[in-house]
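*Asks:* I would like the atomic coordinates for the input below:
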Amino acid sequence: MTKRICLVLFAMWLAPLIGCSSPSIFSSGSSSHTAYVTLPNSNAVAALRIKTSVNSSSATSDTVQFTTIVGSPFPAGSSPGSVLVHPSGKFVYVANRSENDISLFTINSSIGSLQEVLPRTTTGLTPLAMVMDSGGNYLFVVNELSNNISVYTINSTTGALSAIAGSPFTTFNNPFTLAITPSGKFLYVLNPNLTSVIAYTVASGVLQPIAGLPIQVGNGPRAITVDPAGNFVYVVNTTDNTVSVLGINSSSGALTLLGSFSTGTTPTSVVALDPYLYVGNLGSSNISVFTVTPVTGVLTEITSSPFSAGTAPLFEVLDPDNLFLYVGSQTANSITALSIDTTTGALTATSQSATTEASPSSMSVAK
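*Replies:* Numbering: from 1, shown residues only. The predicted structure follows:
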């Protein structure tokens with residue numbers, strides 16, 4: 001199995017948005033990273049050490065070893081739902097949904113443990129999801145019940161957050177999640193009530209709505225991501241069992257619906273790794289894998305897809321080397337790892353998984 005390895009340019013919460021323009025041969029080797037997982041029912045963040053081993057000759061020999069970091073899980077605010085690691089690898093941010101604030105943690109560079117820095121930063125009502133620009137300069141938070149988006153500058157030395165002028169920015173009622181382009185020029189907000197995507201330009205963190213939007217997608221939209229080249233937006237629709245593909249105007253950021261394609265049952269997550277797209281299907285407990293046609297965005301399901309992904313996969317996260325896909329299950333209280341064959345896009349189960357003891361809701365992996 002041919003592997004490739006990328007220089008990861010962006011933060012790991014954006015890893016699903018990032019690929020390599022030209023693959024290289026990854027013959028064999030090992031890597032180690034830290035990962036952080038939100039546990040809403042425990043008001044805590046789990047910390048894991050992940051060691052991966054890759055063998056180019058056989059996908060079945062690729063392994064992942066999970067080790068719980070000393071002190072884990074670490075207390076957070078009430079009902080933490082989203083987690084992000086800063087590109088520097090020095091800070092972790094957690095959105096506390098029931099507390100309407102964000103926890104900042106510093107990362108112990110030796111062992112990966114967390115230390116919270118108080119006080120917490122106030123957001124709007126019910127912060128559900130966060131994204132960050134590739135340089136780690138701005139943090140964007142979507143607030144479901146106050147119908148707005150909070151934007152903060154990030155102090156590169158301390159990790160402290162400061163609301164920018166004009167924040168929070170009003171959006172349509174009950175926004176759910178969001179995605180940012182690799183360039184940081186455009187921000188896309190998913191609104192399930194409107195079954196649509198709202199687009200914004202981003203300039204020094206300031207948001208301006210793009211004319212002609214929102215644009216309709218399928219019924220029950222749940223997750224959104226942007227492809228590594230910034231050409232497409234993908235939205236999975238849980239009610240329709242589809243994934244919508246939208247083309248991005250590189251100048252204006254405007255979107256055009258290019259088509260919708262069938263997935264498994266109840267898709268809830270989507271990860272883009274050019275030229276492949278991975279859709280996690282909660283209802284059918286598997287992952288649909290597609291190749292993406294350049295320019296048109298047409299999706300073609302690969303041979304042997306969908307691939308088994310354990311019990312009820314809720315979310316997917318790429319590892320920093322784009323060689324493994326981590327899948328979180330709320331019902332199984334676990335994180336499992338699948339090896340990616342970057343020649344074919346196929347997935348192969350590895351031998352180990354991590355037990356989180358409580359239901360995980362999100363995950364972020366440090367470089």
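
*Asks:* Flag the shaky bits of this protein, pLDDT-wise.
*Replies:* The chain contains residues with pLDDT under 70 at 1-28, 56-61.

*Asks:* change it to 80
*Replies:* Where the chain drops to pLDDT under 80, the residues are 1-29, 55-61, 213, 351.

*Asks:* the helices in it, which residues?
*Replies:* Remark: helices of the chain are absent; assignment by DSSP state H.

*Asks:* and residue 197, what is it in contact with?
*Replies:* By C-beta atoms under 8 Å, 6 or more residues apart in numbering, the contact set of residue 197 is 188-191, 213-215, 217, 221, 224, 233, 235, 246, 255. All C-beta atoms are positioned from the backbone trio N, CA, C, and that covers glycine.

*Asks:* what do you get for residue 211?
*Replies:* Contact partners of residue 211, counting by C-beta under 8 Å, 6+ apart, are residue 254.

*Asks:* now with 7 Å?
*Replies:* By C-beta atoms under 7 Å, 6 or more residues apart in numbering, no residues touch residue 211.

*Asks:* Phi, psi for it please.
*Replies:* phi -60, psi 150 (degrees, to the nearest 10).

*Asks:* Relative to residue 255, how far out is it?
*Replies:* Using C-beta to C-beta, to the nearest Å, residue 211 is found at 12 Å from residue 255.

*Asks:* what's the answer for residue 320, then?
*Replies:* Residue 320 sits 29 Å away from residue 255, going by C-beta to C-beta.

*Asks:* And those two? Which one has more around it.
*Replies:* Here residue 320 and residue 255 are compared on neighbour count by other C-beta atoms under 10 Å; more neighbours surround residue 255, at 25 against 21.

*Asks:* ok, that one touching residue 244?
*Replies:* No. Applying C-beta atoms under 7 Å as the test, residue 255 and residue 244 come out as separate, 10.0 Å apart.

*Asks:* In this structure residue 224 contacts residue 188, no?
*Replies:* Yes. In terms of C-beta under 7 Å, residue 224 counts as a neighbour of residue 188; the distance is 6.2 Å.

*Asks:* okay, those two: which has more neighbours?
*Replies:* residue 188 (27 against 23).

*Asks:* Can you name the residues that contact that one?
*Replies:* 178, 179, 197, 199, 224, 233.

*Asks:* For residue 175, see how far away it is.
*Replies:* For residue 188, the distance to residue 175 equals 11 Å [C-beta to C-beta].

*Asks:* go on, residue 288?
*Replies:* Separation of residue 288 from residue 175 (C-beta to C-beta): 26 Å.

*Asks:* now the end-to-end length of stretch 50-68.
*Replies:* Stretch 50-68 has an end-to-end distance of 9 Å (C-alpha to C-alpha, to the nearest Å).

*Asks:* try stretch 152-165
*Replies:* 9 Å.

*Asks:* quick one: buried residues of it?
*Replies:* The neighbour-count check on stretch 152-165 (16 or more other C-beta atoms under 10 Å) flags 152, 153, 154, 159, 161, 163, 164 as buried.

*Asks:* In CSV: the residues you listed, plus distance to residue 140.
*Replies:* Output for the buried residues of stretch 152-165, formatted as CSV (distance: C-beta to C-beta, whole Å):
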residue, distance to residue 140
152, 8
153, 11
154, 11
159, 16
161, 11
163, 12
164, 10
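
*Asks:* Among those, which lie within strands?
*Replies:* Judged by DSSP state E, strands contain the following of those: 152, 153, 154, 161, 163.

*Asks:* how about the last one, what does it touch?
*Replies:* With contacts taken as C-beta under 7 Å, 6+ apart, residue 163 has the following neighbours: 150, 152.

*Asks:* re earlier: closest to residue 133 among the ones in strands among the buried residues of stretch 152-165?
*Replies:* Lowest distance from residue 133 to these (C-beta to C-beta) belongs to residue 154, with 9.3 Å.

*Asks:* thought the closest one was touching residue 139?
*Replies:* Yes. Contact criterion C-beta under 7 Å: residue 154 and residue 139 qualify, at 5.9 Å.
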